[in-house]
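coordinates for the following, if possible.
(one chain, ligands or ions: 1)
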Amino acid sequence: MSTATVTGVTGEDRSDLSKEESRRIRQRSLRLLGSLIAPMRGRVIVTLIVVVISTVLQVAGPALIGIGVDQGLAALRSHDWAPLAWTAVTYLVAGVGGALSISWYTVSSAQISQAILIELRTRTFLHTQRLSLEFHESYTSGRIISRQTSDLDSIRELLDSGINQLVQGVLYSGFIAIAIFTVDWVSGVVLLCSLVPLYFLIRWFQKRSQKLFRIQRVASAKLIVHFVETMTGIRAVKAFRKEKRNEREFGGLVEDYRKVNADTIQLFGIFDPGLVMIGNITVAVALLIGGFRVASGSLAIGSLLAVLLYARRFFDPMEEMAMFYNSYQSAAAALEKISGVLEEQPSVPEPANPTKLDGAHGHVRFDNVSFHYKPGRDVLPQFDLDIPAGQTIALVGSTGAGKSTLAKLVSRFYDPSVGSITLDGIDLRSLSSEDLRRAVVMVTQEAYLFSGSVADNIALGKPDATMDEIRRAAEAVGAHEFIASLPDGYDTDVNKRGGRVSAGQRQLISFARAFLANPAVLILDEATSSLDIPSERLVQQALQTLLADRTAVIIAHRLSTVAIADRVLVMEHGRIVEDGAPAELIGGTGRFAQLHAAWRDSLV
Ligand SMILES: Nc1ncnc2c1ncn2[C@@H]1O[C@H](COP(=O)(O)OP(=O)(O)OP(=O)(O)O)[C@@H](O)[C@H]1O
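Numbering: from 1, shown residues only. Okay, the predicted model is just below:
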């Protein structure tokens, strides 16, 4: 199987990855990790060296105590206090050095991990934002949120404590084992024997914990997704009284999460005492054998003391080392997913050598265009359309006819599969996104307001606009009156999704934003459907002003909007079935005449 099948996020949900595909994904995340560490290579190396020195200093303690007891005490008996004093001073120096080095590398490694995380977070955010609409329409916002939250958290956990635990644990236990062998090889063999039950205990723990941690991650992700979905769709939840069902579903998810947490705690309830037991048995055996050997004179008492102190410490980092495997696994999985998102390329790429567009006129042409979202399912089969500059087009047609698709193509949210779309004779693919966004503006049905003031929201259309320009734009579309009556006028904070302003007012703000942007081509996903009659009138008047002197494509669900259009296009199944002036089509016998008659009757 070709590994191209796992490019970008495509491999994310598959559990049947081939060896070759898994290898490719692993390499991709390693490359990402490498690129994150590369700028700090020097610092990472210095930190590692300090970690090694620090571990040696920490491990030196028991050996120095042994030397103090054996040599220092013996010398003291013959009134030579120098060896004991020197050992005590060395112990102190090693202790202070150990503490200082721990302090230094703790700060340094935290700085490194912070820098890596900030870089990764920023890269993911900027890249996701840069990706085309096609990506966002298929990759849900819940998944994007997971990448930015739980995935980055797993990586943070590994960087913050996991790496320290591993490096410290491996070095610490390794040096301790060397130290025990150096002091007394028989005790070293006892320690080696303890590794057998230790190995089986850790293997048993890892197998179970790996499964449990995976279930735990899935359970927590499900909780987040359920929460996000409920809160984003809170209106539908309330409208359809879905609260009780949500309560049951959420309760079930919480119970799953509780259960897996309880199982995890139980697992530690066996693992931790298991470690302590093995440690205690090892110390007891070392004490027994060592004691006999001290009595027979084949081992110095100080050496026995050092060995026992070492044996106790040997087991300290074991739990953390066993845990490291889990943090590593979840961080590796997270990094694989993030690297997948980062590998995605915008399906609507920026041209390498853009054609400059100065002062667009707004002449739009579809030349032999056909378009599909998914291969084999043409949404617009063979499409030609010429919209002269300044013309207002109303697009009508049944649901799913392809109206929004046409609008998305003019805004270049997608590129046509075949043929070309031009603005003033220039292929949209040759225009820089900056020129394109200046020339073509789309106002969506949602009329999204960002958190910030009303003025900020209008100024989105022209970031360097003065307050005067903002006010003039609001006046032009008839929004000034209601804005002025808001508690803080233009400085009023609109809550997320415009909670504090009505749907019609939100629409007017987005019209003011578009007016200020002053594009040559304006696309409106008909937005009046949710408005009451007075609001609709207000918006209709605003529309007249907004559409003057520019090319406009309006997706018209309400036929009242059609009255202000120069030309009506009736679409069915991705084709234009009627094309003409509103009056001409109303007077005829076609599809639009029927629609219009039905609409007029409904008003009576
Ligand atoms: N992102 C997408 N991926 C796949 N198919 C899509 C996507 N968006 C739309 N479609 C399909 O393309 C066809 C045209 O959809 P489009 O949204 O353009 O219709 P429309 O005329 O605007 O409908 P409506 O009036 O209901 O908004 C539909 O069959 C729809 O299922």
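
for residue 68, which non-adjacent residue is spatially closest?
residue 87 (4.0 Å; CB to CB, 6 or more residues apart in numbering). Any C-beta I mention is one placed from the backbone N, CA and C, and that applies to glycine too.

ok, then the element right after the strand or helix carrying residue 576?
Residue 576 belongs to strand 575-580 when assigned by DSSP states H and E. Counting by DSSP H and E, the element after strand 575-580 in chain order, helix or strand, is helix 582-587.

packing partners for that following helix?
Contact analysis of helix 582-587 by 3 or more CB pairs under 8 Å, 6 or more residues apart in numbering; DSSP states H and E lists strand 567-572, helix 591-603 as its packing neighbours.

for the longest one, what is the distance to the chain centroid?
When you say that, I think you mean helix 591-603. Its chain's C-alpha centre and that of helix 591-603 lie 48 Å apart, by CA atoms, centre = their mean, to the nearest Å.

need the residues that contact that helix.
With contacts defined as CB atoms under 8 Å, 6 or more residues apart in numbering, helix 591-603 is touched by 396, 559, 562, 568, 570, 572, 577-578, 585-587.

ok, the first one next?
Counting by CB under 8 Å, 6+ apart, the neighbours of strand 567-572 from elsewhere in the structure are 385, 391-398, 401-403, 406, 562, 576-582, 585, 590-592, 595.

and the buried ones among the residues you listed, selectable in PyMOL?
Those of these that count as buried under 16 or more other CB atoms under 10 Å are selected in PyMOL with:
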select buried, resi 385+391+392+393+394+395+396+397+401+402+403+406+562+576+578+580+582+585+590+591+592+595
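
out of the contacts of strand 567-572, who's near the ligand?
With CB under 6 Å from any ligand atom as the criterion, the contacts of strand 567-572 include 397, 401-403 near the ligand.

tell me which two in the residues you listed are the farthest apart.
Largest separation among those by CB to CB: 397 and 402, giving 7.5 Å.

element containing residue 487?
Going by DSSP H and E, residue 487 is not in any helix or strand.

ok, the residue lying closest to residue 312 once chain neighbours are set aside to residue 202 distance?
Spatially, and ignoring its direct neighbours in sequence, residue 312 is nearest to residue 283 (5.9 Å; CB to CB, 6+ apart). Distance, residue 283 to residue 202, by CB to CB, to the nearest Å: 19 Å.

for the residue nearest to residue 68, which residues are in contact?
64, 67-68, 71-72.

dump the contacts of helix 591-603 to TSV, plus pLDDT.
Shown next, in TSV, are the contacts of helix 591-603 (pLDDT from 0 to 100):
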residue	pLDDT
396	88
559	72
562	80
568	90
570	89
572	88
577	87
578	86
585	81
586	81
587	80
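
what residues does the stretch 351-500 of the chain put near the ligand?
Counting by CB under 6 Å from any ligand atom, the residues of the stretch 351-500 of the chain close to the ligand are 373-374, 379, 397, 399-405.

most widely separated two among the residues you listed?
The most widely separated members of those are 374 and 397, with 20.9 Å between them, by CB to CB.

where in the chain is pLDDT low?
Scanning the chain for pLDDT under 70 picks out the ranges 1-5, 13-15, 163, 496-499, 526-536, 602-604.

hmm, what's the outermost residue in it?
Of all residues in the chain, residue 78 has its C-alpha farthest from the mean position, at 70.5 Å, by CA atoms, centre = their mean.

picking that back up, point out the most buried one among the helices and strands packed on helix 582-587.
strand 567-572 (a mean of 21; mean count of other CB atoms under 10 Å).

just the strands in this structure please.
364-372, 378-387, 392-397, 418-423, 426-427, 440-443, 452-453, 493-494, 521-525, 551-555, 567-572, 575-580 (DSSP state E).

what's the domain layout of the chain?
25-343, 364-603 (automatic domain parsing).

so which of these gets nearest residue 350?
domain 364-603 (6.0 Å).

tell me the residues of this protein that contact the ligand?
So far as CB under 6 Å from any ligand atom goes, the chain lies against the ligand at 137, 373-374, 379, 397, 399-405.

repeat that for 8 Å
For the chain, the contact set with the ligand under CB under 8 Å from any ligand atom comprises 133-134, 137-138, 373-374, 377, 379, 395, 397-408, 525, 555, 557, 571, 574.

the residues you listed in helices, which ones?
133-134, 137-138, 403-408 (DSSP state H).

so residue 70 sits against residue 303, correct?
Yes: counting by CB atoms under 8 Å, residue 70 does reach residue 303; the two are 6.6 Å apart.

so for those two, which sits in the more crowded spot?
residue 303 (22 against 19; other CB atoms under 10 Å).

so what's that one up against?
Going by CB under 8 Å, 6+ apart, residue 303 touches 66, 70, 183-184.

closest to residue 245 among those?
residue 183 (67.1 Å).

for the closest one, what are its contacts?
Applying CB under 8 Å, 6+ apart to residue 183 gives the contacts 63, 66, 303, 306-307, 310.

is it possible to get TSV of the residues you listed that adds distance to residue 449?
Formatted as TSV, these follow (distance: CB to CB, whole Å):
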residue	distance to residue 449
63	68
66	72
303	76
306	70
307	71
310	65
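
ok, residue 273 to the ligand distance?
Per CB to the nearest ligand atom, to the nearest Å, residue 273 is found 55 Å from the ligand.

actually residue 251, not the one I typed
34 Å.

what's the answer for residue 307, then?
69 Å.

ok, now which ones touch that residue?
Contacts of residue 307 (CB under 8 Å, 6+ apart): 62, 66, 180, 183-184, 187, 286, 290.
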